[in-house]
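Asks: this one's sequence-less:
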């Protein structure tokens, strides 16, 4: 026969044993983690009186303010943990008129984060200075704002970090850092040919791409290395083919062909100073 349910004992709190007894609105709000209410309760009560809010509307106002504050704190935390470079790149700052061959409508569609919902990756290919990194970082920032956990790294930094993991015998731990985020941004493959000795570890890059591929976790990859030259750059044709196969399977390929924006800015700056001579 089933045993009779034991009666629940009331939770008794001995306030005398507590170091600090929360007895004011501010203290009780802090205790419950309601940070906005803790600091703004006087102002909120004043607003309620001025607007002649009923109890239900007043409660709704308090909770809405708490939700907004918590969302803002979450966004700031995710941006900090993403390691996106500063100053942060904004999509609104991207000069589409300078790259007319790039479809603005495509980029704006990507900014809705539908590619994240569909677990698709992005591969941005093009010459130096055309805006690949700007777009990747701007989309990463939007992803943080929309609740996704993001991690930014350069290709050389990722492989260097994993290479250290091999020697320090903690490779699996370091791999998890790149596999776990909702979105991984691998920037600047081929950005500096002087990094060639570091990046010739294609099997380490493959481990990250393969794990994320099987977990359906998107990545954004930027490179100025043409597809046919990846094997030479990474130093392992077999692993490179496997990487390309996985990246291209569920990826939107975006080619940006045009002039270097940095070079353009440099020329404009030069013209500005030449006028004053």
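Replies: Here it is on my side, so go on. The structure displayed is predicted, hence computed values, not measured ones.

Asks: show me where the stretch 151-277 of the chain has strands.
Replies: Per DSSP state E, counting those that start in this stretch, the stretch 151-277 of the chain carries strands over the ranges 183-189, 219-223, 251-256.

Asks: check what pLDDT residue 274 gets.
Replies: According to the predicted model, the pLDDT of residue 274 comes to 62.

Asks: go on, residue 41?
Replies: The model's pLDDT for residue 41 equals 81.

Asks: and it, that one's in a helix?
Replies: Yes: Residue 41: assigned to a helix according to DSSP: H, G, I helix; E, B strand; the rest coil.

Asks: sorry, back to before: export the strands of the stretch 151-277 of the chain as TSV, with columns for mean neighbour count.
Replies: From N, CA and C alone the C-beta is placed, and that goes for glycine too. Formatted as TSV, these follow (neighbours: other Cβ atoms under 10 Å):
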stretch	mean neighbour count
strand 183-189	24
strand 219-223	25
strand 251-256	16
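
Asks: from residue 58, how far off is the closest residue to residue 177 other than its chain neighbours?
Replies: Among residues not flanking residue 177 along the chain, residue 151 sits closest, at 7.1 Å (Cβ to Cβ, 6 or more residues apart in numbering). Distance, residue 151 to residue 58, using Cβ to Cβ, to the nearest Å: 41 Å.

Asks: more neighbours: which of those two?
Replies: Using other Cβ atoms under 10 Å, the more surrounded residue of residue 151 and residue 58 is residue 151, with 21 against 16.

Asks: hang on, that one packs against residue 181?
Replies: Yes: here residue 151 reaches residue 181: they are 4.2 Å apart, a contact under Cβ atoms under 8 Å.

Asks: show me how the chain divides into domains.
Replies: Following automatic domain parsing, one gets these domains for the chain: 24-80, 83-263.

Asks: let me know which of those is tucked in deepest.
Replies: Highest mean neighbour count of the domains of the chain: domain 83-263, a mean of 17 (counted as mean count of other Cβ atoms under 10 Å).

Asks: quick one: mean pLDDT over it.
Replies: On average, domain 83-263 scores 89.

Asks: what of stretch 53-64?
Replies: On average, stretch 53-64 scores 86.

Asks: starting at the chain centroid, how far to that stretch?
Replies: How far stretch 53-64 lies from its chain's middle: 34 Å, per Cα atoms, centre = their mean, to the nearest Å.

Asks: residues contacting residue 78?
Replies: 144, 147, 148, 149, 150 (Cβ atoms under 8 Å, 6 or more residues apart in numbering).

Asks: residue ranges of the helices in the stretch 101-250 of the chain, please?
Replies: Counting by DSSP state H, counting those that start in this stretch, one finds helices in the stretch 101-250 of the chain at the ranges 104-110, 114-117, 132-145, 155-168, 171-179, 196-199, 202-214, 230-234, 237-249.

Asks: still on that earlier bit, dump the residue contacts of the residue nearest to residue 177.
Replies: By Cβ under 8 Å, 6+ apart, the neighbours of residue 151 are 81, 82, 83, 177, 178, 181, 183, 184, 185.

Asks: redo the residues you listed as CSV? Include distance to residue 240.
Replies: Shown next, in CSV, are these (distance: Cβ to Cβ, whole Å):
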residue, distance to residue 240
81, 30
82, 27
83, 26
177, 23
178, 18
181, 24
183, 23
184, 18
185, 20
